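Novice: below is the sequence, then the predicted model.
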Amino acid sequence: MNRLLQGDVGSGKTVVAIAAMLLAIEAGFQAALMAPTQILAEQHYDVLRRWLDPLGVRISLRTAARQEESGPLPLFKRNAPDETQLAQDDPKIIVGTHALLYESVSFSNLGLVVIDEQHKFGVTQRARLTTREPAPDVLVMTATPIPRTLTMTIYGDLDVSTIDEMPRNRGKIVTAVRDQSKLPEVLRFLRTQLDAGRQLYVIYPLIDESEKLEVKAAAAEYELWRERLHPFRCELLHGRIAPAEKQQIMERFRRGETNALISTTVLEVGVDVRNASVMLIENAERFGLAQLHQLRGRIGRGEHKSYCILLTSPQANEASAKLAVLERTGNGFEVAEADWELRGPGDLLGTAQSGLPALKIGNLKADAELMRRARAAAVSIFQADPRLEAPENQRFRRLIVEQRGHTFSNVS
């Protein structure tokens, strides 16, 4: 299996992943779940423990900052456990971040790799997990497929499953693009939402101000937001805060003790607070479409109507067309297609995530049906002649040699 599961944030991709992992465990294999951030990996670990501990499924967490295992500990030390006992003691599901890519994490019988928010990983990083021998099944999940992944689905290297519905009682998300001159009106709106009991995020592209970029930064603006929103409580969150303190800040926000979180894109994945229904993104033109769509997915997770405000600088006129895509649609595939138009589809046999490919004939979007027919013909040839030994098929051999040291198996 080499499958892309696409569904907007909060649509239920994790439930599908758990079902797939349980099937792998029932068949006698291990499963790995790789997430891009420690916050998201720990959230997955807690959810899996809550659901699977009663079933006796042993789960392990592996991140750079935390290593933990669920399951009962043995009462007596075994001097020489046999291979059967060692296999039983191995975790059945290993959850982690990039730490899963390195030799310190060993898998005894890996059968399924689940990659969450796959656009956050590089091609080579994903290949370190997915090109093991024997090759595991691969399920990649995302709300916004990056151009290269979208291209691979047209070529047929990835099958696609789409969750096209959201759970009941989810509030609608209204997205609006505003320039910096509208900030006073935006502030009045934010206060009305806080008065109504809602919580909000304010997102910045940088932690600290830069001399090279005319961009606002979270740490520099934090005190200003405390004054603007007084007496409501604000807290600052970014990637340089220690993991333990970061966790405490998030817990206070989840409990409703904090009203507004002034943050960087550390919030992009892994945060689920149902009462948070407003997001203001400063210097929105500095973000990519996929990233903005992911950030927007932090709200709209409860029953309240939610609002995402994209605030742009006066110099960002050329970004208005890009941001208008987010005003027009909340569909992840439509956002990815717009991103595709802007950035190009990527290099299919290499590691580039975007840009123009080396394809000389044909248009990946306009000729999609022709390419699907070509793939079907190729599959038919390989089924009849796997080694291309027939005289009429030997001409195809030169088309499947390695290119720049990368084979198709290395770019899953």
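Specialist: Yes, it's here.

Novice: helix, strand, or coil at the closest residue to residue 44 other than its chain neighbours?
Specialist: Nearest non-adjacent residue to residue 44, counting by C-beta to C-beta, 6 or more residues apart in numbering: residue 95, 5.2 Å away. (C-beta placed from N, C-alpha, C; glycine too.) Put simply, residue 95 is strand when judged by DSSP: H, G, I helix; E, B strand; the rest coil.

Novice: ditto for residue 44
Specialist: Secondary structure assignment for residue 44 (three-state DSSP): helix.

Novice: surely it meets residue 14?
Specialist: Yes - contact criterion C-beta atoms under 8 Å: residue 44 and residue 14 qualify, at 7.1 Å.

Novice: find residues that contact each of the two.
Specialist: Residues touching both residue 44 and residue 14 (C-beta atoms under 8 Å, 6 or more residues apart in numbering) are residue 116.

Novice: between the two, which is the more surrounded one?
Specialist: Counted by other C-beta atoms under 10 Å, residue 44 and residue 14 do not tie: residue 44 has more neighbours, with 24 against 19.

Novice: contacts only, for the residue nearest to residue 44.
Specialist: Here residue 95 is in contact with 32-33, 35, 41, 44-45, 48, 59-62 (C-beta under 8 Å, 6+ apart).

Novice: closest to residue 113 out of those residues?
Specialist: Minimum distance to residue 113 across the contacts of residue 95 is 5.1 Å, recorded for residue 32 (C-beta to C-beta).

Novice: quick one: secondary structure of the closest one?
Specialist: With three-state DSSP as the criterion, residue 32 reads strand.

Novice: just checking, it touches residue 99?
Specialist: No - between residue 32 and residue 99 there is no contact, the gap being 11.1 Å when judged by C-beta under 8 Å.

Novice: more neighbours: those two, which one.
Specialist: The neighbour count for residue 32 versus residue 99, taken as other C-beta under 10 Å, is higher for residue 32 (26 against 19).

Novice: got the confidence number for the more buried one?
Specialist: Looking at residue 32, its pLDDT reads 92.

Novice: for it, give me its contacts.
Specialist: Here residue 32 is in contact with 93-96, 100, 107, 110, 112-114, 129, 136 (C-beta under 8 Å, 6+ apart).

Novice: quick one: the strands in the stretch 251-400 of the chain, in order.
Specialist: 260-263, 276-281, 306-312 (DSSP state E, counting those that start in this stretch).

Novice: what do you get for the stretch 1-150 of the chain?
Specialist: 2-7, 30-34, 59-62, 67-69, 93-96, 110-116, 137-142.

Novice: burial measure for the nearest residue to residue 67 once chain neighbours are set aside, as a count.
Specialist: Using C-beta to C-beta, 6+ apart and skipping residues adjacent in sequence, the residue nearest residue 67 is residue 61, 6.5 Å away. By other C-beta under 10 Å, the residues close to residue 61 number 25.

Novice: repeat that for residue 219.
Specialist: 16.

Novice: would you mind listing the buried residues in the helix or strand encompassing it?
Specialist: Here residue 219, judged by DSSP states H and E, is contained in helix 218-229. Judged by neighbour count using 16 or more other C-beta atoms under 10 Å, the buried positions of helix 218-229 are 218-219, 221-222, 225-226, 228-229.

Novice: same check on stretch 314-325?
Specialist: 316, 319, 322-323, 325.

Novice: roughly how far is it from the heart of the chain?
Specialist: Chain-centre distance of stretch 314-325: 24 Å, with C-alpha atoms, centre = their mean, to the nearest Å.
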